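Sequence and predicted structure, then a few things I'm wondering about:
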Amino acid sequence: MQTPAISLRERTLAALRDVFGHAAFRGPQAEIVEHVSAGGDALVLMPTGGGKSLCYQVPSLVRPGTGVVVSPLIALMQDQVEALRQSGVRAAFLNSALSAAEAREVERAAAAGELDLLYVAPERLLTPRCLDLLARTKLALFAIDEAHCVSQWGHDFRPEYLQLSVLHERFPGVPRIALTATADPQTRAEIVARLALGDARIFVSSFDRPNIRYTIVDKAEPRAQLLRFLRDEHPGDAGIVYCLSRKKVEETAQWLVGHGIAALPYHAGMDTETRAANQARFQREDGIVMVATIAFGMGIDKPDVRFVAHLDLPKSIEGYYQETGRAGRDGSPADAWMTYGLADVVQQRRLIEQSEASDEYKRVGSAKLDALLGLCETAGCRRVRLLAYFGEASEPCGNCDTCIDPPETWDATVASQKALSAIYRTGQRFGAVHLIDVLRGKAGERVARFGHDKLSVFGVGADLDEAAWRGVFRQLVALGFARVDHEAHGALKLAESSRAVLKGDATVEMRRSVARARSKRSLSPAAAERAGVTALDERGHALFDRLKSWRRDEAHRQGVPAYVILHDATLAEIAHRKPASLAELALVGGIGAKKLERYGEALVDLVASAA
């Protein structure tokens, strides 16, 4: 009797269950996996933590040949490959970290058909030697990760990505899947055009990360504000703090260490050995705070990053979304926290205007910055504004600062007229600090030297405090009524649109700057269902801690990050289910056949000893 053929869907589900230990795909994963496994091209837009990697890993296991993953992050390939090997996948990488002999062995294994997945940096892939290797290798698919790097308008542009259309030209019969967590409609169109994906199916998942709480605070004393945030909300948690300059990274990391925080610096100006050592510590140790420029982070796999903080304004919503998306990949509560002030706006405008880029690039950069300022200044739900930028409609989330504690708005027309008049009366040659002194009637040495204590606007703003006036000037710039003259050392000047305000033909409504009291973090129902942590009773929490201790020791023994062994969500489910046998343990999400064989007895014994 002939055995009935196994359908493609059954084969993909079998690979998902047996290798990765998951009973079912999430969201659009099943449709994407089946489409690519059948030989179709795809562009996949899915938020960080949404399971993009399975969309090419499962088809690579189902299709004959080797799946080639193009990734721009050499430093992380080793961890990604190790995680796959833990699950029994024959995976390897080709990058500059290998010796010549090691690289030759990987090349031999690929050509011999002994690899399921091969990770390659784009620079390496484009060499004649690597292209020749691919021509001698049976290929299952090409996966182009971080595909937004192709966009010259984007925050992570990599020129090598522009040449990846060679894959379609040299290997037209091999399916390609391009993946990214960040792409507005313009960037999507650019990815399709530059990678020759005109016939690809486009899969767009929700950009929402409901477990992330978005908070943007008025910048006053940013380091002190950051320290309060870390101590009050995230004591002992792993997280990332982004700064714009290398100098600020070094100073902030040192300052945090001086205040008892386990912080490390990371930026492109550090020597390679120190930078790699700091990244390894962040990946492999608990509770490390990485203070970094945006040189750090793209593709970070660490699932238990509990917060991402910005001490400086990013360049765009795409950059902000990409960077904040590195928090809470495990679905548990996480924070995206940022301090924001007028100086940030001035700094970003200066970077755009003083760059040597084309006028078109500057125009696009200004538009992207304007959209980000709109997110910072909105009185409505931040998530609604964020998702709308990516073309996604949503309802107020209840998990951002403006939802939890809605800001007041006020008629700032008169205050705006006073501020704009002060800009004009002082000759449009001074910054906000000086203008605030004039408005509040502070006759200091500098104000008196220029005779500004004799102006009609001197003291007319004594009814508002300094913080309120900072908010007024910041929002006047964000709203386009005033602009920054970088050639005059950041002096504020009147924009053409200010005329209507000064004449009384337009009204101005602003957010009122207030200090916010944060409510205690809690899991959303969706996050609770994914992570299982809130279902733990007292005994379960004790077992969860023991499991984490076992995992830490096992990871140290193998020299790999703890999450490569098992994710927190898997440990939490074990602590909740308390499996008494290998058969029961096999039902836990994240326990595939290889991990069951490798760690099953130890885990079952540990559960039994905790009973």
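That came through, no problem.

Would you mind pulling the contact partners of stretch 387-396?
For stretch 387-396, contacts defined as CB atoms under 8 Å, 6 or more residues apart in numbering pick out 183-185, 206-208, 317, 321, 371, 375, 380-381, 383-384, 403. For the C-beta atoms, the positions are set from N, CA and C on the backbone; glycine is no exception.

again, only using 7 Å
Taking contacts as CB atoms under 7 Å, 6 or more residues apart in numbering, the residues outside stretch 387-396 that touch it are D184, P185, S206, F207, D208, I317, A371, C381, R383, V384, C403.

are any of the residues you listed buried, and which?
By neighbour count, with 16 or more other CB atoms under 10 Å, the contacts of stretch 387-396 hold D184, S206, F207, D208, I317, A371, C381, R383, V384, C403 as buried.

Does the closest residue to the fourth one other than its chain neighbours lie in a helix or a strand, and which?
With sequence-adjacent residues excluded and distances taken as CB to CB, 6 or more residues apart in numbering, D208 is closest to L387, at 6.0 Å. According to DSSP states H and E, L387 maps onto helix 382-389.

wait, is T339 part of a strand?
Yes: going by DSSP: H, G, I helix; E, B strand; the rest coil, the assignment for T339 places it inside a strand.

show me what contacts it?
Counting by CB under 7 Å, 6+ apart, T339 touches V217, K219, P222, Q225, L311.

Near L197, how many other residues are there?
22 (other CB atoms under 10 Å).

Three-state assignment for it, please.
L197 falls in the coil class when you classify it by three-state DSSP.

please begin residue numbering at 13 from this point
Right, with 13 as the first residue, what we last looked at is L209.

Enumerate every residue touching it.
With contacts defined as CB under 7 Å, 6+ apart, L209 is in contact with D53, L55, R188, A190, I203.

Against R188, how distant is the first one?
Yep, that's D53 we're talking about. In this view, D53 and R188 are 5 Å apart by CB to CB, to the nearest Å.

And for A104?
As judged by CB to CB, A104 and R188 stand 20 Å apart.

just checking, A304 touches G251?
No: applying CB atoms under 7 Å, one finds A304 not in contact with G251, separated by 10.8 Å.

lowest confidence element among the helices and strands of the chain?
helix 537-543 (a mean of 43; mean pLDDT, DSSP states H and E).

where along the stretch 313-462 of the chain do the strands fall?
Remark: strands of the stretch 313-462 of the chain, listed N- to C-terminal, are 319-322, 346-352, 421-423; assignment by DSSP state E, counting those that start in this stretch.

Counting residues, which helix of the protein comes out longest?
Here the longest helix in the chain is taken by residue count, with DSSP state H as the criterion, and it is helix 550-570.

ok, and what's touching it?
Helix 550-570 is contacted from outside by 296, 548, 573-574, 576-578, 583-584, 586-588, 618-619, 622, using CB under 7 Å, 6+ apart.

What of stretch 130-146?
Contacts of stretch 130-146 from elsewhere in the structure, counted by CB under 7 Å, 6+ apart, are 78, 80-84, 86, 89, 92-93, 104-107, 119, 122-123, 170, 172-173, 175-176, 178, 182-183.

Same question for stretch 486-500.
Under the criterion CB under 7 Å, 6+ apart, residues 353-354, 357-358, 361-362, 365-366, 385, 389, 428, 431-432, 435, 441, 502-507, 509-510, 513, 522 lie in contact with stretch 486-500.

Let me see the mean pLDDT of it.
The average pLDDT for stretch 486-500 rounds to 80.

quick one: buried residues of that stretch?
For stretch 486-500, the neighbour count (16+ other CB under 10 Å) marks R486, Q487, L488, V489, A490, L491, F493, A494, R495, V496, D497, H498 as buried.

Distance from it to the middle of the chain?
29 Å (CA atoms, centre = their mean, to the nearest Å).

Same check on stretch 182-197?
In this view, stretch 182-197 has its centroid 20 Å away from the chain centroid, taken as CA atoms, centre = their mean.

cool, and stretch 566-573?
Shown here is stretch 566-573, whose average C-alpha point lies 26 Å from the average C-alpha point of the whole chain (CA atoms, centre = their mean).

about what we covered before: from the buried ones among the contacts of stretch 399-408, pick the one nearest D517.
Distance ranking of these against D517, using CB to CB, places A383 first at 26.6 Å.

which residue packs closest to that closest one, ignoring adjacent ones?
With CB to CB, 6+ apart as the measure, I329 is the residue that lies nearest to A383, at 5.4 Å, once sequence neighbours are left out.

just H34 next, same as before
Once flanking residues are discounted, H34 sits nearest to L28: 5.2 Å by CB to CB, 6+ apart.

That neighbour and F37 touch, don't they?
Yes: contact status for L28 versus F37: in contact at 6.5 Å, counting by CB under 7 Å.

Those two: which is more packed in?
Just comparing L28 and F37: by other CB under 10 Å the higher neighbour count belongs to L28, 23 against 20.

And the average pLDDT for stretch 429-439 is what?
Mean per-residue pLDDT for stretch 429-439: 94.

Please disregard the earlier target; I meant stretch 197-206.
86.

swap in stretch 241-253?
On average, stretch 241-253 scores 93.

That one: end-to-end distance?
Counting by CA to CA, to the nearest Å, the length from the leading to the trailing residue of stretch 241-253 is 12 Å.

How about stretch 408-422?
End-to-end distance for stretch 408-422, by CA to CA: 21 Å.

That one: which residues count as buried?
So stretch 408-422, judged by 16+ other CB under 10 Å, has buried residues C409, N411, C412, D413, T414, C415, P419.

Give me the mean pLDDT for it.
Mean pLDDT, taken over the full extent of stretch 408-422, equals 90.

Distance from the chain centre to it, please.
Distance of stretch 408-422 from its chain centroid, counting by CA atoms, centre = their mean, is 22 Å.

swap in stretch 446-464?
Shown here is stretch 446-464, whose average C-alpha point lies 43 Å from the average C-alpha point of the whole chain (CA atoms, centre = their mean).

residues making contact with it?
Counting by CB under 7 Å, 6+ apart, stretch 446-464 makes contact with 430-431, 434-435, 438, 465, 467, 469-474, 478, 481-482, 485, 504, all of which sit outside it.

Please apply the same query to stretch 608-620.
L555, R558, L559, W562, I586, K590, P591, A592, S593, L594, L597, A598.

Just the buried residues of these.
With burial judged by 16+ other CB under 10 Å, the buried subset of the contacts of stretch 608-620 is L555, R558, L559, W562, I586, P591, L597, A598.

Determine which two of those residues are furthest apart.
Within the buried ones among the contacts of stretch 608-620, R558 and A598 form the most distant pair, 20.6 Å apart (CB to CB).

Give me the below-cutoff pLDDT ranges for the protein.
For the chain, residues meeting the criterion pLDDT under 70 lie at 13-17, 87, 164-168, 195, 307, 309-312, 498-501, 525-549.

before we move on, the earlier item: could you say what helices and strands the helix or strand where the residue nearest to H34 lies packs with?
When elements are defined using DSSP H and E, L28 is found to belong to helix 20-32. For helix 20-32, the helices and strands in contact under the criterion 3 or more CB pairs under 7 Å, 6 or more residues apart in numbering; DSSP states H and E are helix 41-49, helix 66-74.
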